[in-house]
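Colleague: Have a look at this prediction, sequence included:
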Amino acid sequence: MKYDVIVIGLGSAGLMIADRLNDSGLKVLVLEQNRRAGIKLLLTGNGRCNVMSSDNAEDFVAAVHNGRFLRSAYHKYNVKKFFDKHNLKLKQENRRLYPASEKSRDVVNAFKIDHAKINYKEKVEDLVFEDDKLVGVKTNVDTYYGKNIVVCAGGKTYPQSGSDGSLHKILKKHGVKITKIYPSEVALVFEDFRELSGVALQNVRMFHKKNERSGDLLFTHKGLSGPLSISMGEFVARYPEDKFYLDFYPDLNEEELFAKLWEDNKFLQGKLPKSFYNFMIEKHFPENVSKKELRKFVTKIKRYELVDVKTMPLEYAFTTAGGVDLKVVSPKTCSHKKIENLYFAGEILDLHGEIGGYNLMVAWFTGMIVADAIKEKYGIEN
């Protein structure tokens, strides 16, 4: 049998594509190497699944690396309306939307994919070309032929979820340009605070010369975790030559903090967690402190340099940064500009966002673009 569409991967993007093609009348085959759909989606938001952000277009574009690629999609598609129609009730916390049940399984189950043929436990080993034309997919089980091939197999992070990077190699083999791959949403390896493992700090600022973020920080036995370090992880990976700093008390600038401490050297006591405060005092605040020594201490509080900071390895990151180079992809259809029946959606593309539902929005938008482009090709109304 020759299929109209072969979808590689039944993660977030694959689910969206299969859903939007479900009642199209097209013959759709989905190849998923796991035993079930949405393995990584089930892990999102610690199992709560941060489905999307309520940001406006400009904030969304700013929060997504290469976000301009999806500007038109943001205005064209309404993700909230999609889930409303699928009877998935969402609740909002700040700018984040979660399923009202707080169960990621309910998000996976919301998709209607019963008309697609789904082959689980099949790993794609190659794309099949005949006379320089893409005609199918070879798996560890069989070879399947299709008129349109969609790659939404994820990146190289969380290999246990199926995102093992094997499709990057296959695509490169067939001339598809892949950008540099590096971890995003990843914890940091750093020596200095390991004895404080388990201690959490609120309202900490982390910065370098290009980016900064504020949020909660957690010391671990390997280094730094929590929302702050995870959100800055991609910049540590992308700019390894830069110096990174922590500001443990952003409420005051250096001069203001110096003045407060010179007046009362216990000013920070009670304002920082006790164990962290004692750690900093013991290591960096000598008795009978001079003004020069106090300024050094203030610098440690306001600009603590993260010397030799690194990210955890790529396989420990939640999101892959980098992927199929957007220069070879049409933003209107998410198809390859030269291999017109080859499409991409989700994390396989060089698109990724900050924590807050942005990566799932990338999957939803690119999945919608691909499905609607294929339907348009067949004259099927969207």
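Modeller: Ah, there it is.
Colleague: What's opposite the residue nearest to the spatial centre of the chain in the beta bridge?
Modeller: Nearest to the mean C-alpha position of the chain, by CA atoms, centre = their mean, lies Thr319 at 3.9 Å. Beta-bridge partners recorded for Thr319 (DSSP bridges): Ser184.
Colleague: State the distance from it to Asn119.
Modeller: Remark: distance between Thr319 and Asn119 (CB to CB, to the nearest Å) = 26 Å. Where you see a C-beta, it was placed from the backbone N, CA and C, and this is true even at glycine.
Colleague: Val370 too?
Modeller: According to CB to CB, Val370 and Asn119 sit 19 Å apart.
Colleague: same deal with Asn50?
Modeller: Using CB to CB, Asn50 is found at 30 Å from Asn119.
Colleague: now do His75
Modeller: To Asn119, His75 is 36 Å away according to CB to CB.
Colleague: Which one's more surrounded, the two?
Modeller: More neighbours surround Asn119 than the other of His75 and Asn119, with 15 against 9 (other CB atoms under 10 Å).
Colleague: just so I have it, where are all the helices in the stretch 251-382 of the chain?
Modeller: Taking DSSP state H, counting those that start in this stretch to define them, one finds helices in the stretch 251-382 of the chain at 254-263, 274-284, 291-302, 358-377.
Colleague: can you list the ones you listed in TSV and add mean neighbour count, distance to Phe190 and mean pLDDT?
Modeller: TSV is the format used below for the helices of the stretch 251-382 of the chain (neighbours: other CB atoms under 10 Å; distance: least, CB to CB, whole Å; pLDDT from 0 to 100):
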stretch	mean neighbour count	distance to Phe190	mean pLDDT
helix 254-263	15	22	96
helix 274-284	14	14	95
helix 291-302	16	15	96
helix 358-377	24	25	97
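Colleague: would JSON lines of the ones you listed with distance to Leu29 be doable?
Modeller: Formatted as JSON lines, the helices of the stretch 251-382 of the chain follow (distance: least, CB to CB, whole Å):
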{"stretch": "helix 254-263", "distance to Leu29": "61"}
{"stretch": "helix 274-284", "distance to Leu29": "55"}
{"stretch": "helix 291-302", "distance to Leu29": "57"}
{"stretch": "helix 358-377", "distance to Leu29": "13"}
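Colleague: Ok, which of those comes nearest Leu188?
Modeller: With CB to CB as the measure, helix 274-284 is the member of the helices of the stretch 251-382 of the chain nearest Leu188 (16.8 Å).
Colleague: packing partners for the closest one?
Modeller: On a contact count with 3 or more CB pairs under 8 Å, 6 or more residues apart in numbering; DSSP states H and E, helix 274-284 meets helix 291-302.
Colleague: What helices and strands are in contact with the helix it packs on?
Modeller: Using 3+ CB pairs under 8 Å, 6+ apart, the elements in contact with helix 291-302 are helix 254-263, helix 274-284.
Colleague: List the contacts of it.
Modeller: Contact with helix 291-302 is made by 247-249, 253-254, 257-258, 261-262, 265, 268, 280, 284-286, 289, as judged by CB atoms under 8 Å, 6 or more residues apart in numbering.
Colleague: now swap in stretch 140-149 and tell me
Modeller: Outside stretch 140-149, the residues that touch it by CB under 8 Å, 6+ apart are 1-6, 8, 29, 31, 119, 122-123, 125, 127-128, 134-138, 341-343, 374, 377.
Colleague: Enumerate the positions of that stretch that are buried.
Modeller: For stretch 140-149, the neighbour count (16 or more other CB atoms under 10 Å) marks Tyr144, Gly146, Lys147, Asn148, Ile149 as buried.
Colleague: Would you tell me what helix or strand the second one is located in?
Modeller: Just to be clear, that refers to Gly146. Per DSSP states H and E, Gly146 falls inside strand 143-151.
Colleague: Would you give the sheet partners of that strand, along with the direction of each?
Modeller: Sheet partners assigned to strand 143-151 using DSSP bridges are listed as strand 2-8 (parallel), strand 133-139 (antiparallel), strand 342-344 (parallel).
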